[in-house]
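Visitor: Build me a model from this:
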Amino acid sequence: MIVIWPVFGACAAAIVGGVVLSRGVHLSENGRMTTVTPDYSQGAAFVRGQYVPIGEAAIPITDWGFLRSDAAYDVVTVWDGAFFRLDAHLERFQASCARFRLDAGLSPAQITAVLEQCVRLSGLRSSYVEMIVTRGQPPWGSRDPRQAINQFYAFAVPYVWIANAEQREKGLNLVVSNVQRIPAASVDPRAKNYHWNDLTMGLLGALDAGGDTVVLTDGAGHVVEGPGFNLFCLNAQGMLVTPAEGVLEGVTRRTVIEMAQALQLPLEVRALPVAELRAAREVFATSSGGGLLPITQVDGRPVGSGTVGPVTRQLVQTYWDWHRDPRYSRPVHYS
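Guide: Residues are numbered from 1 along each chain as shown. The predicted structure is shown next:
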């Protein structure tokens, strides 16, 4: 008799002839048990104190992180075998948890060790690495989030580009949506979270209209942010502008601001009216999923000449150059 017994963090355990087989143990045809080496080639995850292949990672269906999007998270990247701006991501992750009254239960050093082990197990030289704290689940029947035991998760998968190679070379077609971003007074956008329904609805509308991606507005005639990215424009007067309010303070956004200062490019962090965006010479998005991503159309109309502009190209080059700067990179120890 074989009984399949679900085990958290693994595909299953099995009871075979009264013997419990745990994950990683295989019963051969002759009845012998052999150890199977987990396959982390597609990524590795940390789930309730265990490392598992990404395809086996799971959370309980009753966790409020799943049921209510009640979680905080952050994403750091590994490029050419080194974390980029890990300290900045850890700092923001802790701030996000504090704003949502969540506790990872681990120190920054311990979180770093978990993230590095996920990357090490996967062997990935370029990776998208996520850290998450969910609310967990309070006792049955309780609606008191203080009674929940928060849960920490992490995973590393191959590097994620939110634009394909052709889009990165020729530029994206950005649609300005009528969908309003969740007001900051309701959900603080500075705390990285999974409240994405407004972004998803805006993106679906943009795709249906023939665009590549979307930026939402604040209800007062200003653009704010898109699904997983911040926005910059080089306006008609040659000033770089990025929205100040109603946005996640992205680490890539912060990097671009610092690069602009280093390159002595004039920049303002302030409200960005839709009309100013549409009249811009250059536009680009910033995200850990690809760095700087050029935008050469807004609502189907060319931005400037309709090609990737010189300031955007200069910043793209500088961004990847900074990945080799020891001030911002932390090598992964793979052995």
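Visitor: For the residue positioned nearest the centre of the chain, give the beta-bridge partners.
Guide: Nearest to the geometric centre of the chain sits Val75, at 4.3 Å (C-alpha atoms, centre = their mean). Beta-bridge partners recorded for Val75 (DSSP bridges): Glu130.
Visitor: Now that we're looking at it, what pLDDT does it have?
Guide: Val75 is assigned a pLDDT of 98 by the prediction.
Visitor: Then Thr35?
Guide: For Thr35, the predicted pLDDT is 75.
Visitor: Count residues in the vicinity of Phe83, would you?
Guide: 24 (other C-beta atoms under 10 Å). From N, CA and C alone the C-beta is placed, and that goes for glycine too.
Visitor: which residues in the stretch 101-250 of the chain form helices?
Guide: 108-122, 165-170, 197-208 (DSSP state H, counting those that start in this stretch).
Visitor: what's the longest one packed up against?
Guide: Using 3 or more C-beta pairs under 8 Å, 6 or more residues apart in numbering; DSSP states H and E as the contact criterion, the secondary-structure elements in contact with helix 108-122 are strand 44-47, strand 50-53, helix 86-99, strand 127-134, strand 151-158.
Visitor: Indicate which one of those is closest to Asp218.
Guide: Shortest distance between Asp218 and the helices and strands packed on helix 108-122, using C-beta to C-beta, is found for helix 86-99: 19.8 Å.
Visitor: Show which residues not belonging to that closest one make contact with it.
Guide: 72-76, 102-104, 108, 111-112, 115, 131, 133, 188, 190-193, 249, 251, 254, 330 (C-beta atoms under 8 Å, 6 or more residues apart in numbering).
Visitor: domain assignment for the chain?
Guide: 2-35, 44-158, 165-322 (automatic domain parsing).
Visitor: okay if I get these as CSV plus distance to Tyr334?
Guide: Below are the domains of the chain laid out as CSV (distance: least, C-beta to C-beta, whole Å):
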stretch, distance to Tyr334
domain 2-35, 22
domain 44-158, 5
domain 165-322, 21
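Visitor: circling back: going through the contacts of helix 86-99, which ones are buried?
Guide: With neighbours counted by 16 or more other C-beta atoms under 10 Å, the contacts of helix 86-99 contain buried members at 72-76, 102, 104, 111-112, 115, 131, 133, 190-193, 249, 251, 330.
Visitor: roughly how far apart are Gly136 and Arg143?
Guide: 14 Å (C-beta to C-beta, to the nearest Å).
Visitor: Tell me the secondary structure at Gly304.
Guide: coil (DSSP: H, G, I helix; E, B strand; the rest coil).
Visitor: ok, Asp63 - contacts?
Guide: 134-137, 151.
Visitor: try 7 Å
Guide: 134, 136-137, 151 (C-beta atoms under 7 Å, 6 or more residues apart in numbering).
Visitor: what are the ranges of the strands in the stretch 201-335 of the chain?
Guide: Assigned by DSSP state E, counting those that start in this stretch, the stretch 201-335 of the chain shows strands spanning 213-217, 222-223, 230-234, 240-242, 267-269, 272-273, 282-287, 291-298, 301-302, 329-331.
Visitor: Reformat those strands as JSON lines; add distance to Val176 and mean pLDDT.
Guide: Formatted as JSON lines, those follow (distance: least, C-beta to C-beta, whole Å; pLDDT from 0 to 100):
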{"stretch": "strand 213-217", "distance to Val176": "6", "mean pLDDT": "98"}
{"stretch": "strand 222-223", "distance to Val176": "6", "mean pLDDT": "98"}
{"stretch": "strand 230-234", "distance to Val176": "10", "mean pLDDT": "98"}
{"stretch": "strand 240-242", "distance to Val176": "15", "mean pLDDT": "98"}
{"stretch": "strand 267-269", "distance to Val176": "20", "mean pLDDT": "98"}
{"stretch": "strand 272-273", "distance to Val176": "11", "mean pLDDT": "98"}
{"stretch": "strand 282-287", "distance to Val176": "11", "mean pLDDT": "98"}
{"stretch": "strand 291-298", "distance to Val176": "7", "mean pLDDT": "98"}
{"stretch": "strand 301-302", "distance to Val176": "11", "mean pLDDT": "98"}
{"stretch": "strand 329-331", "distance to Val176": "35", "mean pLDDT": "97"}
